[in-house]
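S.K.: With the sequence up front, the predicted model follows.
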Amino acid sequence: MDIRHRNNVTVTGPADGPAVVLAHGFGCDQNMWRLVVPALAGRHRVVTFDYVGSGGSDLSAWSRERYSSLQGYAQDVVEVCQELDLERAVLVGHSVSAMVGVLAAHAAPERIGALVMVTPSPCYIDGDGYRGGFSVEDIDELLASLESNYLGWSSAMAPVIMGNPDRPELGRELTNSFCATDPEIARVFARTTFLSDSRDDLESVRVPTLVLECSQDAIAPREVGAYVHAAIASSRLVTLDATGHCPQLSAPEATAEAILDFLESLEARP
Amino acid sequence: MTGRIGGREPTGEGAGTDAVFTSLLEDSAEELYESAPCGYLSTTMDGTIAKINATLLDWLGLERRAVVGRKRFADLLTVGGRLYHETHFAPLLRMQGELGGIALEMKTAGGRLPVLVSSAIKYGGGGEPLLIRTTVFDASDRRAYEEELLRRRQEAERARTEAEQARAEAEQAQAEAERARKQAEADRARLADTLAVLQQSLLPDTLPAVPGLEAAAHYHTASPDRLGGDFYDLFPVGENLWAFFLGDVCGKGPEAASLTSLTRYTLRAAAHHDPDPVTALTTLNDALHERYTASGDPRYCTCVFGVLESGHDDGHVTVRLASGGHPPALVLRADGHADLLPTPGGMLIGVFPTAPIGTAQTILAAGDTMLLYTDGLTEARTGPTRDALYGDDALYAFADEHAPATPQQTITALTELLDGFGDGLDDDTALLALGVPADPSRTRPTTDHPR
């Protein structure tokens, strides 16, 4: 199987630079990283990709069994690293991909040397004195919202008709196409993301880890960021003065700077 | 249009209409913003609400001072809507600069309000994003309609899945039925083979060559998967002395076959012990009665048993016959007429402890042929509606018409007759013809077996 095609892998930056892999979260695709890639690609070999089922991936490779657990997504990450023969790459995972990164680093320690967790949450559901911020009913509401918004999935069949002549920077790209996902696949990804509990996996992380949180995040509140930082001994916590769950979009310069600082600190190590 | 060119003053009714227009034009942009039939709000890039119109505040049951500068747009949404906002709406808006027609739900004092939301980013002169303008439409009716559509779609999908499943099950059932049918066919073929072998064991393979006599036989099997109950045989019992018999046991199938077997071997053994026809049939009656009827399982047969004595100087053969309840034999004479050989008084063999046996005798001269048959022949159904029996009289007439005939000619003619009955022939039929050749060189017996 052609992994580059399957996961719509994009590589930018110097070929001999230290490798940085950017993994998108639930919702959209690798376009989420478009504002930080230029800054990172100055000295680093930057790899972006779409999970199978998202963005420009090969939908025929999707299966409900594999992508109903975070392990399936971690397998995608490991296979992309193997395909590019990356060694000790830094895996930057947004949202649910932060926990996917924990699994991938555990499965392929020779491939992944450090983790950057962007607005991570090991568990979204409240319980056992833990506050993830949501109840199971809230997640059902999200699934209902997904049902109400197919976001152009059905009109994706007619890209030319849907062209945006008044917004030439989008070219022929469809409106909403970054988040256009088959409703069935989106439902599975949503359930896997929001119903997983990765808290017990955090302690096993041994690699240098940067936890990057936002000062105002409706999905991953600050106490969750503190929880993750406390659970991973080898982590450092950086709080961005940013709002929302996607600092790589709302505060791209600060996000890129924090990541670059972390990358430099890794290089300074013996 | 043309009426207003030239700046004429409006008159009459037109003046009132213009007054309405004027008042409308005085509806300021601010007034329109506040009271528009849709919600408006503007936020800073981090979502903090900077401006919101009265319509939306009214829908949500909120005070302006509790909202402006204090809440973010996402705070107005239900939790599920907020999750959707963070994972889809906000990223898309950032990437595209605008986003339209997204279905969300907003929190209200009394519950929740389904809305359709469109947002656009206002950029500064340097292309930097400044604020987000958002329009909110009440989508209660539309959402109810969409939910109905969605529900119908899910129902249709479920129905389709169920139909698909039913189709798969039907296909599987069909495949199983086909397998069962093939198995049944194979079983039936094997059974037919077995039955054919068994049936032949109850009949002679070939008729023996009897000096100075010609013999021919035919056996018609009504049903290939049921053992028939007719039988015949021809065998030597002494010098120039031959015994023969032909009969019909009650019933069909395995019970009939075992009865036939017992009958055949009893008659053969009896004939070797004492070739007298009455003695042979009496022995058979004793055997059947003891074996079946006496033990409460009455089984019986009709049978004609005879002895042929040849070796006379002029080639004639004497025939002594005994019969228990069997149709009379026929003789096709060399001179062209037929004789009946009635055996009055004979009763079914095996029913009574002592059976009355009827007897007859005749002489077969050169060119004479004696015919024995079972009632499958005379009870064949004929006529356009298959409701008339062929009958004894018709058979006699047939014999009379065909006389003189050799045994083989007789059997051939009768076989054609049987074939002509088609569906009307629904019982097994045995035919045995014995005759003295008109031409003494023709003495080869022929047998015509089924299969």
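M.R.: Happy to help now that I have it. Residues are numbered from 1 along each chain as shown, chains lettered A, B, ... in the order given.
S.K.: what about whatever residue of the stretch 151-300 of chain B ends up closest to chain A, neighbour count?
M.R.: Evaluated by Cβ to the nearest Cβ, the stretch 151-300 of chain B has B:Gln154 as its residue closest to chain A, separated by 9.4 Å. Quick note: C-beta positions are derived from backbone N, CA and C, even for glycine. Residues within reach of B:Gln154, counting by other Cβ atoms under 10 Å in any protein chain shown, total 11.
S.K.: Tell me which helix or strand it sits in.
M.R.: helix B:140-201 (DSSP states H and E).
S.K.: Given the very next helix or strand once past that helix, what are its sheet partners and their directions?
M.R.: Toward the C-terminus, helix B:140-201 is succeeded by strand B:214-220 as the next helix or strand (DSSP H and E). Here strand B:214-220 has these sheet partners by DSSP bridges: strand B:429-435 (antiparallel), strand B:446-448 (parallel).
S.K.: how much does strand B:214-220 deviate in direction from helix B:140-201?
M.R.: 160 degrees (axes from the mean of the first three to the mean of the last three Cα atoms, to 10 degrees).
S.K.: Okay, buried residues for the helix or strand following strand B:214-220 please.
M.R.: Moving toward the C-terminus from strand B:214-220, the next helix or strand (DSSP H and E) is strand B:230-238. By neighbour count on 16 or more other Cβ atoms under 10 Å in any protein chain shown, the buried set for strand B:230-238 is B:Asp230, B:Phe231, B:Tyr232, B:Asp233, B:Leu234, B:Phe235, B:Val237.
S.K.: which residues does the nearest residue to B:Leu203 once chain neighbours are set aside bridge with?
M.R.: Excluding the flanking residues, the one nearest B:Leu203 by Cβ to Cβ, 6 or more residues apart in numbering or on different chains is B:Tyr219, at 6.0 Å. With DSSP bridges as the criterion, B:Tyr219 is bridged to B:Ala430.
S.K.: My read is that B:Tyr219 contacts B:Asp230, right?
M.R.: Yes - using Cβ atoms under 8 Å, B:Tyr219 is in contact with B:Asp230, at 6.9 Å.
S.K.: contacting residues for B:Leu116?
M.R.: B:Leu116 is in contact with B:Gly101, B:Ile102, B:Ala103, B:Leu104, B:Val136, B:Phe137, B:Ala139, B:Arg142, counting by Cβ atoms under 8 Å, 6 or more residues apart in numbering or on different chains.
S.K.: One more pass at 10 Å, please.
M.R.: A:148, B:38, B:100-104, B:135-139, B:142-143 (Cβ atoms under 10 Å, 6 or more residues apart in numbering or on different chains).
S.K.: Determine the three-state secondary structure at it.
M.R.: strand (DSSP: H, G, I helix; E, B strand; the rest coil).
S.K.: Please tell me the pLDDT value assigned to it.
M.R.: What the model reports for B:Leu116 is a pLDDT of 90.
S.K.: again, but for B:Thr385
M.R.: 81.
S.K.: before we move on, what about A:Gly17?
M.R.: Predicted confidence (pLDDT) for A:Gly17: 94.
S.K.: Narrow the contacts of B:Leu116 to just the buried residues.
M.R.: Buried among the contacts of B:Leu116 (16+ other Cβ under 10 Å): A:Ser148, B:Ile102, B:Ala103, B:Leu104, B:Thr135, B:Val136, B:Asp138, B:Ala139, B:Arg143.
S.K.: List the residues that contact the fourth one.
M.R.: This points to B:Leu104. B:Leu104 touches A:145, A:148-149, B:73-74, B:76-78, B:80-82, B:84-85, B:89, B:112-117, B:136, B:139, counting by Cβ under 10 Å, 6+ apart.
S.K.: Which of those residues fall in helices?
M.R.: Residues of the contacts of B:Leu104 located in helices (DSSP state H): A:Ser145, A:Ser148, B:Gly80, B:Gly81, B:Arg82, B:Tyr84.
S.K.: okay if I get those residues as CSV plus pLDDT and distance to B:Asp314?
M.R.: Below are the ones in helices among the contacts of B:Leu104 laid out as CSV (pLDDT from 0 to 100; distance: Cβ to Cβ, whole Å):
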residue, pLDDT, distance to B:Asp314
A:Ser145, 77, 118
A:Ser148, 72, 115
B:Gly80, 85, 120
B:Gly81, 87, 124
B:Arg82, 89, 126
B:Tyr84, 88, 121
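S.K.: which one of those sits closest to B:Glu147?
M.R.: Using Cβ to Cβ, A:Ser148 comes nearest to B:Glu147 of the ones in helices among the contacts of B:Leu104, at 8.4 Å.
S.K.: now the closest residue to that closest one other than its chain neighbours: how far from B:Ala144?
M.R.: Take A:Ser148 and drop its neighbours on the chain: the residue closest to it by Cβ to Cβ, 6+ apart is B:Ala103, 3.9 Å away. Counting by Cβ to Cβ, to the nearest Å, the gap from B:Ala103 to B:Ala144 is 12 Å.
S.K.: so what sits against both of the two?
M.R.: B:Pro114.
S.K.: partner residues bridging the residue in the stretch 101-250 of chain B positioned nearest to chain A?
M.R.: Distances between the stretch 101-250 of chain B and chain A by Cβ to the nearest Cβ are smallest at B:Ala103, namely 3.9 Å. Beta-bridge pairing for B:Ala103 (DSSP bridges): B:Leu116.
S.K.: List the contacts of it.
M.R.: B:Ala103 touches A:144-145, A:147-150, B:81, B:84, B:114-117, B:139, B:142-143, B:146, counting by Cβ under 10 Å, 6+ apart.
S.K.: quick one: which of those residues is nearest B:Arg64?
M.R.: B:Val115 (18.8 Å).
S.K.: Quick check: bridge partners of the closest residue to the closest one other than its chain neighbours?
M.R.: Nearest residue to B:Val115 in three dimensions, chain neighbours excluded: B:Val136, at 4.9 Å (Cβ to Cβ, 6+ apart). B:Val136 forms beta bridges with B:Gly39, B:Val117, as assigned by DSSP bridges.
S.K.: returning to that earlier point: need the contacts of B:Leu116 in TSV with distance to B:Asp58, can you?
M.R.: What follows is the contacts of B:Leu116, written out as TSV (distance: Cβ to Cβ, whole Å):
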residue	distance to B:Asp58
A:Ser148	24
B:Cys38	12
B:Gly100	23
B:Gly101	23
B:Ile102	22
B:Ala103	21
B:Leu104	18
B:Thr135	16
B:Val136	12
B:Phe137	14
B:Asp138	11
B:Ala139	16
B:Arg142	20
B:Arg143	19
